[in-house]
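Chemist: Here is a sequence together with a model predicted from it:
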Amino acid sequence: MKLIALLATAAVAFMGAAAPSFAQDIPAAEANFLRKSAAAGHAEAMASELAQSKAASKEVKAFADQMLEDHEKNAEALERLAASKAVTLPRNPTKEQLAELEALKALDGAAFDQRYAERFGVQAHEDMLSLLQAGTQAKDEHVKDYAEKTRPTVEKHLKMGKTLKAALDKRLAGGPAAKP
């Protein structure tokens with residue numbers, strides 16, 4: 001009986017020690033890439049939720065709707081990837097992103113629309129493309145694949161954001177607004 005108990009204890013200790021290797025650990029830089037991607041996604045989704053209620057323009061609301069739909073799909077894929085790599089993702093934007101969201105929340109009407117298009121339609125997607133570029137250099141094939149598959153959607157969002165911003169800029173300048 002003592003031998004069985006000793007073997008059982010040794011097996012539990014061995015399995016506990018071996019558990020991290022089964023979690024498919026990835027380099028710290030790649031785990032950080034996944035965390036930054038999640039935080040950026042949360043910021044864009046929160047900004048888009050604000051736009052649904054605060055935007056003055058139907059074009060801004062339509063853009064926000066598309067962002068929410070696409071970000072929900074991406075968040076699910078990112079969660080699955082992170083779980084498979086034993087990476088805990090943040091559930092919120094960074095402190096800097098939260099500050100930007102608070103500043104956005106204080107705006108109304110055309111000022112809100114302009115800032116949302118500028119910061120979350122254009123700048124956030126430019127930032128994300130830079131982040132994805134780093135992700136395409138990952139050693140882990142799953143992380144690299146995620147970055148490569150996400151890139152076309154982010155490029156599409158950036159193009160949409162630039163079109164939206166140009167239309168809002170034109171409207172603000174008093175010219176006829178182009179449809180995004």
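Modeler: Ah, there it is.

Chemist: Name the spans of this protein whose pLDDT lies under the cut-off.
Modeler: Applying pLDDT under 70 to the chain flags residues 1-24, 175-180.

Chemist: can you map out the helices along it?
Modeler: With DSSP state H, the ranges of helices along the chain come out as 2-22, 28-54, 58-84, 95-105, 109-115, 124-135, 141-172.

Chemist: Export those helices to TSV and append columns for mean neighbour count.
Modeler: The C-beta positions use only the backbone N, C-alpha and C, and glycine is treated the same way. Converted to TSV, the helices of the chain look like this (neighbours: other C-beta atoms under 10 Å):
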stretch	mean neighbour count
helix 2-22	9
helix 28-54	19
helix 58-84	17
helix 95-105	14
helix 109-115	18
helix 124-135	17
helix 141-172	17
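
Chemist: ok, V87 - how many residues close by?
Modeler: V87: 22 surrounding residues under other C-beta atoms under 10 Å.

Chemist: Skip the chain neighbours and tell me the closest residue to it.
Modeler: A31 (4.6 Å; C-beta to C-beta, 6 or more residues apart in numbering).

Chemist: swap in K85?
Modeler: I26 is the one closest to K85 (C-beta to C-beta, 6+ apart), at 4.9 Å.

Chemist: What values do phi and psi take at that neighbour?
Modeler: The phi/psi pair for I26 (degrees, to the nearest 10) reads phi -120, psi 160.

Chemist: thought it was touching A82?
Modeler: No: counting by C-beta atoms under 8 Å, I26 stays clear of A82, with 9.6 Å between them.

Chemist: circling back: how deep is the residue nearest to K85 tucked in, by neighbour count?
Modeler: 22.

Chemist: Check K139 too.
Modeler: For K139, using other C-beta under 10 Å, the count is 10.

Chemist: where's it relative to P27, distance?
Modeler: Separation of K139 from P27 (C-beta to C-beta, to the nearest Å) stands at 6 Å.

Chemist: Can you tell me how far the most centrally placed residue in the chain is from L89?
Modeler: Nearest to the mean C-alpha position of the chain, by C-alpha atoms, centre = their mean, lies G41 at 2.2 Å. Here G41 is placed at a distance of 9 Å from L89 (C-beta to C-beta).
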